[in-house]
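K.L.:
Sequence first, predicted model second:
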Amino acid sequence: MYMDNSFEQIRKFDPEIAGYTEQEEKRQLETLCLIASENYASPVTVGMEGTVWANKNAEGYPGRRFAGGCEIADQVELLAIKRCKELFGCEYVNIQSMSSTLSNVAVLRAILKPGDTILSMELNQGGHLSHGARFHYSGKTYNVIQYGLNRETETIDMEQVERLAKEHKPQLIICGTSSYPRKVDYERFGEIAKEVGAYMMADIAHPVGLIAAGVIPSPVPYADVVTTSTHKTFRGPRGCGVIMCKEVLGKKIDQQIFPGLQGAPKMDMIASRAVLFKECMTEEYRNYQNQVLKNAEALADELKKCGLRLVSGGTETHLVLVDIRELIPTGREAEDVLGSVGIVVNKNMIPYDPQSANLASGIRIGSPALTTRGFKEEDMRETARLLAKALKHYENKEILEEVRKAVKEKAVKYPMFAEEWNPCD
C-alpha cells in the first residue's frame, strides 16, 4: 500500500528524526508511565493515521463539502458518527474538531453570548482550563462562577453547586474534571441545571473509556452536551475532539467547528476514530476497562499502605491524586525524582493547595497506560512500592539506583500493547 515501509524511507532520508523516534520508543518501553492522561494507542486505531486519508481535503460536512472527491470520505465520517451514537446512545455527534479543548470552545460559542454566566469547577480543585480559567478564552469571554470540593470529604460539594446555581442563574453548568478521582453525579448536575434553566455540559475526557465500556455511569442521559478527547482512557491516538449533544443543538455546534473555528477536518483522524468506536464495542475492550479500575484500586490501596495520603481517600476511576508532602516537599521534586528512576508522573495541585501550580503538593497518577501494557493488580502494587521507596529516599543515590534498575527490569518484560487487549487475535 501507499504508506508501506514509510519508516524505512524516513530512516534513509532523515536519520536524525528517525533516531529521535527510536530513542522515544526505547524510553517508553523502559519506563513505567503513570501519567493519568497518557496511554498507548491501540494498533488497530493508530494504524489508520498517516494512511491515504491524510491526503484528502474534506472541508465541510458529509453531503455538503467544499471540495470534490469526497464520496468515500462522506461514508467514513457517517460510519464514525453512526458508531459513536450506538456506543454512547447519543442523539447527535460531531467528530471534526482537532482537540477536546477546541470542542469545549465551540460549545460555548454555540449556546452562549459573551458575558453569559457559566458555573464550573475550580481549576485548582480538579477542573479544566477550558471550563473558565481566567487566563483561557472561556474565562475571558464569559462570567465564570466556580464551585469546588468539600474540605472534609474532598469530593464535589453538590450543596454548594446547587446554592451557586440558584444564586447566579447560570446559562451553562459544566461538570467535568482533570484531576478528580471520584465518580461525578451527572444525574444531580442535570437536575440542578433543569431547576435553574441552564444547559448542562459534561466533559468526560478523562473517564470516557470507562463510560464507553459501561463500567461507570454515563452523563449522556442527563446532559445537553458531552465532550471528550480520544486518548487517555479511550486509548485512541491523541488529537480530535468528540462532541455529543441533543439533536436541537447539533447544527449550531457544527457551525462553530466549521467554519467558526477551523477549516478542513483531518480525515485520517476521523477514520481512526471510526475504528476506535468499533473497538470499544468488543469484549476485549470491556475487559480492559474493568482491569483499569481494578489496577487503580490496587495502586491506591498500596500507596496508602506505604504511608501516602490520597485525596478523597482513594479512587473510583482510573485516577489517583496523591498528597506527597509527608515524603518530599513538592510535587515538582516528586516528578523529577520519579522521572530519574523511570517512573513517569506529573506534578499536580491538590485541593486547597498552599503551594503554587509550578510547585504543587501532589502528583496525579493513573492506571490506563500500564494496564494497556498488561499489568495486573500485583504489578500495580509493586509499582506503588517502588514509587514510595523512591520518594522516601529521594536524597539517597544508592537506593534511587536500586529503584531505577528494578523499574527498568519490570518495564522491559511488557510490550507496549498487550496481546490480550487486541480484538484481532
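P.N.:
Yes, it's here.
K.L.:
Where is the longest helix in this protein?
P.N.:
The longest helix of the chain (DSSP state H) is helix 283-305.
K.L.:
Please identify the buried residues of that one?
P.N.:
284-285, 288-289, 291-293, 295-304 (16 or more other C-beta atoms under 10 Å). From N, CA and C alone the C-beta is placed, and that goes for glycine too.
K.L.:
Tell me the first helix or strand C-terminal of it.
P.N.:
Per DSSP states H and E, the first helix or strand lying C-terminal to helix 283-305 is strand 309-310.
K.L.:
now what about that next one, what contacts it?
P.N.:
181, 300, 303-304, 320-323, 326 (C-beta atoms under 8 Å, 6 or more residues apart in numbering).
K.L.:
now with 6 Å?
P.N.:
Defining contact as C-beta atoms under 6 Å, 6 or more residues apart in numbering, one finds that strand 309-310 is touched by 300, 322-323.
K.L.:
Now the longest helix of the chain: average pLDDT?
P.N.:
On average, the pLDDT along helix 283-305 is 98.
K.L.:
same check, this time on stretch 175-186
P.N.:
So the average pLDDT for stretch 175-186 ends up being 94.
K.L.:
which residues are contacting that stretch?
P.N.:
So stretch 175-186 is contacted by 126, 128, 155, 189, 202-203, 216, 219, 222, 312, 315-317, 319-321, 348, 364 (C-beta under 6 Å, 6+ apart).
K.L.:
One more: stretch 94-107?
P.N.:
For stretch 94-107, contacts defined as C-beta under 6 Å, 6+ apart pick out 80, 130, 137, 201, 205, 225, 227-229, 241-243, 253-254, 256-257, 261, 265, 270, 273.
K.L.:
likewise stretch 387-394?
P.N.:
Contacts with stretch 387-394, where a contact means C-beta under 6 Å, 6+ apart, come from 306, 327-328, 334, 337-338, 341, 343, 399, 403.
K.L.:
Strands of the stretch 151-300 of the chain, start to end?
P.N.:
Using DSSP state E, counting those that start in this stretch, the strands assigned to the stretch 151-300 of the chain run over residues 172-176, 199-203, 225-228, 242-245.
K.L.:
Turn those into CSV, columns for distance to residue 20.
P.N.:
Listed next are the strands of the stretch 151-300 of the chain as CSV, based on distance: least, C-beta to C-beta, whole Å:
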stretch, distance to residue 20
strand 172-176, 34
strand 199-203, 33
strand 225-228, 30
strand 242-245, 30
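K.L.:
mind checking which of these is nearest residue 418?
P.N.:
Proximity to residue 418 (C-beta to C-beta) singles out strand 225-228 among the strands of the stretch 151-300 of the chain, at 23.7 Å.
K.L.:
what's near enough to touch residue 73?
P.N.:
Applying C-beta under 6 Å, 6+ apart, the residues near residue 73 are 56, 58, 267.
K.L.:
Touching, the last one and residue 59? I think so.
P.N.:
No. Shown here, residue 267 and residue 59 do not form a contact pair, counting by C-beta atoms under 6 Å, at 10.4 Å.
K.L.:
Between these two, point out the one with more neighbours.
P.N.:
The neighbour count for residue 267 versus residue 59, taken as other C-beta atoms under 10 Å, is higher for residue 267 (23 against 16).
K.L.:
now that one: how far from residue 52?
P.N.:
Distance, residue 267 to residue 52, using C-beta to C-beta, to the nearest Å: 9 Å.
K.L.:
Just give me the neighbour total for residue 68.
P.N.:
If you count neighbours by other C-beta under 10 Å, residue 68 ends up with 7.
K.L.:
Helix, strand, or coil at it?
P.N.:
Of the three states, residue 68 takes coil under DSSP: H, G, I helix; E, B strand; the rest coil.
K.L.:
Need the phi and psi values for it.
P.N.:
phi -80, psi 170 (degrees, to the nearest 10).
K.L.:
how much space is there between it and residue 52?
P.N.:
Residue 68 is 16 Å from residue 52, by C-beta to C-beta.
K.L.:
is it true that residue 88 touches residue 219?
P.N.:
No. With contact defined as C-beta under 6 Å, residue 88 does not count as touching residue 219 (9.5 Å).
K.L.:
Between those two, which has more neighbouring residues?
P.N.:
Comparing residue 88 with residue 219 by other C-beta under 10 Å, the one with more neighbours is residue 219, at 25 against 22.
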